[in-house]
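Peer 1: Whatever this is, show me its structure:
(one chain, ligands or ions: 1)
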Amino acid sequence: MRKIAWRSPSNIALVKYWGKKDIQIPQNPSLSFTLDSSFTTMEISFAEREGLQVDFCFEGKENEKFKQKIVSFIKSLELIDSHKYSFLKNIYLNITSQNSFPHSAGIASSASSMSALALCLCSIAQEFNGGDLTKDEAFFRQASFLARLASGSACRSVYGGATVWGKTAILADSSDEYAIPFSYDLHEVFQEFRDTILIVSSSEKSVSSRAGHALMNYHPFANIRYQQANTHLAMLIEALKTGDMEIFIKIVENEALTLHGLMMNSDPSFILMHPNTLRIIEKIREFRQVTGLSVCFTLDAGPNVHLLYPVKEEFRIKQWIEYELSAFCENRYYIHDQMGRGAIEMV
Ligand code: PMV
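Peer 2: Okay, the predicted model is just below:
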């Protein structure tokens, strides 16, 4: 049996993808920071075999639910491009996967796990097609394309730093089908940007992302939201280039609250924030006003808060997290993470 392995990180969206057309074509472009220490490591041993056969172990235990998800994803690739993925018709895949973050931390793992899977499948494809094993731009683009099909936002995880997914007139290379790395130099204030994930609740989300996106199909504010996301993207790109923290904070917090606002006034309606999510938000705004430090928040489709801040403010902010914010976290639990360099092939 031959073996390949990838380590792929999670990412946090600053301009959110919320609403899609068929097969994960986003209704608006999104921009995210790729994380560093929240990642999935996936190893696949493979051999030619008659038919498709998959074994899947997550953190040392067989996991039937994930296995079925992977099998149906692989089968769906045939509809996309039966020639390119024909090697997947007759193959045995022995997949083992683990996350660097605890399963019960309430952190979505689909971005890291599905991007790791996509990268592994692209590596296997290279081996089957023979010859060139270089991991060039085309390789990562294909991996991002496949990751998108598995779980939309996963397509942004294959690259490090800031990543954009979705067609926008501002970036010539952008596409709805795959993500691209941010084409400009990030201002130095955003280099190694910090993200501390404050775990307000570790319980499972009460709305799946599939159901969540579907809420946008008949949402009365859908079109205006998609326009707003485009405007926000343009403003955020400028802020990332120039280091304009005021605009950065304004857009990033507005995006998080818009996402939750859209869920709250969807039909059916969902409230995914917890009382402590709001307490933390209040504390952040108060602290920012008093200290003048550039700290802000964003939220995923859940109650946990991502606290974002420049590396130069790390010392004071970490102290404040421990003394004040940790009291609002479940079991005082939080995870220090930061902007990372993207997926890595493990040899
Ligand atoms: O990729 P999905 O289908 O899990 O959707 C992700 C949605 C958000 O995390 C809320 C926003 C985003 O852009 O990541």
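Peer 1: Packing partners of the one helix or strand F287 maps to?
Peer 2: Assigned by DSSP states H and E, F287 falls within helix 275-291. Where contact means 3 or more CB pairs under 8 Å, 6 or more residues apart in numbering; DSSP states H and E, helix 275-291 is packed against strand 296-299, strand 305-309. Where you see a C-beta, it was placed from the backbone N, CA and C, and this is true even at glycine.
Peer 1: got the contact list for it?
Peer 2: If you take CB atoms under 8 Å, 6 or more residues apart in numbering as the criterion, helix 275-291 is touched by 198, 200-201, 249, 293-297, 299, 303-305, 307, 316, 320, 324-325, 328-329.
Peer 1: how about the helices and strands packed on helix 275-291, which one is nearest the ligand?
Peer 2: With CB to the nearest ligand atom as the criterion, the ligand lies closest to strand 296-299 of the helices and strands packed on helix 275-291, at 8.3 Å.
Peer 1: Tell me if stretch 94-107 is near the ligand.
Peer 2: No - using CB under 6 Å from any ligand atom, stretch 94-107 stays clear of the ligand, coming no nearer than 11.0 Å.
Peer 1: ends of that stretch, how far apart?
Peer 2: 25 Å (CA to CA, to the nearest Å).
Peer 1: cool, and stretch 44-54?
Peer 2: 10 Å.
Peer 1: next one: stretch 54-65
Peer 2: One end of stretch 54-65 to the other measures 12 Å (CA to CA).
Peer 1: So what's the gap between it and the chain middle?
Peer 2: Averaging C-alpha positions (CA atoms, centre = their mean, to the nearest Å) puts stretch 54-65 22 Å from its chain's average.
Peer 1: Remind me which helix or strand the residue nearest to Y178 when sequence neighbours are not counted belongs to.
Peer 2: Among residues not flanking Y178 along the chain, S144 sits closest, at 3.9 Å (CB to CB, 6 or more residues apart in numbering). Using DSSP H and E, S144 maps to helix 137-150.
Peer 1: So for that helix, what gets flagged as buried?
Peer 2: 139-150 (16 or more other CB atoms under 10 Å).
Peer 1: could you dump that helix to CSV, C-alpha only?
Peer 2: Extracted in CSV, the C-alpha atoms of helix 137-150 (Å, rounded to 0.1, in the frame of the first residue of the first chain):
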residue,chain,number,x,y,z
GLU,A,137,-0.4,26.5,-8.1
ALA,A,138,-2.5,24.2,-10.3
PHE,A,139,-2.3,21.5,-7.6
PHE,A,140,-3.6,23.8,-4.8
ARG,A,141,-6.3,25.2,-7.1
GLN,A,142,-7.6,21.7,-7.8
ALA,A,143,-7.5,20.9,-4.1
SER,A,144,-9.4,24.1,-3.3
PHE,A,145,-11.9,23.2,-6.0
LEU,A,146,-12.5,19.7,-4.5
ALA,A,147,-12.6,21.0,-1.0
ARG,A,148,-15.4,23.4,-2.0
LEU,A,149,-17.4,20.6,-3.3
ALA,A,150,-17.1,18.7,0.0
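Peer 1: Contacts for it, please.
Peer 2: With CB under 8 Å, 6+ apart, helix 137-150 has contacts from 23-24, 73, 76-77, 80, 110, 114-115, 117-119, 121-122, 125-126, 154-159, 165, 177-180, 343.
Peer 1: try 6 Å this time
Peer 2: Residues outside helix 137-150 that contact it (CB atoms under 6 Å, 6 or more residues apart in numbering): 24, 73, 114-115, 118-119, 122, 154-155, 158, 177-179.
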